[in-house]
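Enquirer: Just the structure for this:
(2 chains)
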Amino acid sequence: MAREATRRGVLAAALALPLAAGGCKGIGALGTPPRPLPDVAVVREAITDETLMIARYTAVLAAAPALAGSLRPLLGQHQAHLARLKARLVDPRAGSEPPLSRPHPQVPGTPAAARAYLRGAEQAAAQALMGRLTAASPSLAQLLASIAASEATHALLLGPHRRTG
Amino acid sequence: MNASPSAGAAGTSGTTAGPGTQPAGRRARAAAIGALQAALAAEHAAVYGYGVAGAHLAGTRQAAAIRYWAAGQAARDTLAAMVVSRGATPVAASTGYRLPFAVHGEQSAIALAAFLEDRVTAAYLTLVALTDTKLRLFGARGMQTAALRAAWWRGQTLAFPGLEVPAPGPVAAGAGGGQPSPGQSATGGTSPTSPPTGPAGG
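Expert: All right, here's what the predicted structure looks like:
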């Protein structure tokens, strides 16, 4: 049975070949068949980085609650980034990612040092996304560039600012 | 018109013959020209708008408006050169622009500046969708520059600059220059003192 099925498959393939060679466009007329996109790997890397960034903010907020007013809006934006990136994956395994090996990063205890720490992390994250742009499809590249710009602005707001009192 | 180093690097298809003879190459070039023209039009509008906003600002904010007005002119020259190198005629500035709202004072001038930078960010986003990797990175850097300025004016950040452009309107009090006002601390408006000059990390 199995051999028969195989033979039938070969026959079908042999019939299809002259059709293609004879100038019949067939399904090819619909355009170039889609290639498997490298986007999944790029999205997974970006998800890992966003997850780590959220862990950093969470750890800093636990260590320095006084920073909540300025950090919570930025954390909320990282959560929005993560949600948008996850929406790019149709793979059902995406929801059951293994937890990060370091879910609780060590963070500085003083507010000033914590802000500097997050600022550096934001700058590095923006740079990492810029490095992934060329491997992404056009629409994913736009999302990554937008997130990179958002993270660059986070770094700006986390920078040294005027002390009022 | 002197193109900046980044424009020179991005202008790889400056020759008149070659890739344009293939339909795919022609399509890619047309897409690149369209995106560059959109960015150029946004920079034209920003240069005009900063002229309006600057007249209503003082001190650090006015200095920033003047600096960004000049930066917009430089970006305009860069983009125009990139359009010319692809065999097209750069779009010209309009003789006048309709402002999204009346600008009568400092707060509306700051809101206008943020609005202008949001629009520039969105325009550069179009370049990021191109297949030409140099133009894609050029667009992403342009987005960051404009998004940083918008964040400085607004004193707040956006989750998706360029992708989700906020409606034009007033910005939080204390934005644009590092004087967070009492009662605004919960909005994330801890403005930095120095205006940004370019993308973070070079």
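Enquirer: Secondary structure element holding residue B:83?
Expert: helix B:59-85 (DSSP states H and E).
Enquirer: got the buried residues for that helix?
Expert: For helix B:59-85, burial by neighbour count (16 or more other CB atoms under 10 Å in any protein chain shown) applies to B:61-62, B:64-65, B:68-69, B:71-72, B:75-85. (Each C-beta comes from the backbone N, C-alpha and C, glycine too.)
Enquirer: residue ranges with poor pLDDT in chain A?
Expert: A:1-37, A:91-103, A:161-165 (pLDDT under 70).
Enquirer: Helices of that one, start to end?
Expert: Under the criterion DSSP state H, helices of chain A are mapped to A:2-21, A:39-63, A:68-86, A:111-132, A:138-157.
Enquirer: Quick check: which of the ones you listed is buried the most?
Expert: The highest average neighbour count among those, using mean count of other CB atoms under 10 Å in any protein chain shown, belongs to helix A:138-157 at a mean of 26.
Enquirer: interface residues of chain A facing chain B?
Expert: A:69-70, A:72-74, A:76-77, A:80-81, A:84, A:122-124, A:126-127, A:130, A:133-134, A:138-139, A:141-143, A:145-150, A:152-157, A:159-162, A:164 (CB under 8 Å from any CB of the partner chain).
Enquirer: Stretch B:99-118 close to chain A?
Expert: No: Stretch B:99-118 lies out of reach of chain A by CB under 8 Å from any CB, never closer than 10.6 Å.
Enquirer: avg pLDDT for that stretch?
Expert: On average, the pLDDT along stretch B:99-118 is 96.
Enquirer: Could you list the alpha-carbon positions for that stretch in PDB?
Expert: The C-alpha trace of stretch B:99-118 is given here as PDB (Å, rounded to 0.1, in the frame of the first residue of the first chain):
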ATOM      1  CA  LEU B  99      -1.500  74.800  12.300                       C
ATOM      2  CA  PRO B 100      -3.300  72.000  14.200                       C
ATOM      3  CA  PHE B 101      -4.400  74.500  16.800                       C
ATOM      4  CA  ALA B 102      -4.000  78.100  17.600                       C
ATOM      5  CA  VAL B 103      -0.600  79.000  19.100                       C
ATOM      6  CA  HIS B 104      -0.900  82.000  21.400                       C
ATOM      7  CA  GLY B 105       1.500  81.300  24.200                       C
ATOM      8  CA  GLU B 106       4.100  79.100  25.700                       C
ATOM      9  CA  GLN B 107       2.000  76.000  26.400                       C
ATOM     10  CA  SER B 108       0.500  75.900  22.900                       C
ATOM     11  CA  ALA B 109       4.000  76.500  21.400                       C
ATOM     12  CA  ILE B 110       5.400  73.500  23.300                       C
ATOM     13  CA  ALA B 111       2.400  71.400  22.200                       C
ATOM     14  CA  LEU B 112       3.100  72.500  18.600                       C
ATOM     15  CA  ALA B 113       6.700  71.500  18.900                       C
ATOM     16  CA  ALA B 114       5.800  68.000  20.200                       C
ATOM     17  CA  PHE B 115       3.200  67.700  17.500                       C
ATOM     18  CA  LEU B 116       5.800  68.500  14.800                       C
ATOM     19  CA  GLU B 117       8.200  66.000  16.100                       C
ATOM     20  CA  ASP B 118       5.500  63.300  16.300                       C
END
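Enquirer: Brilliant, that's me finished.
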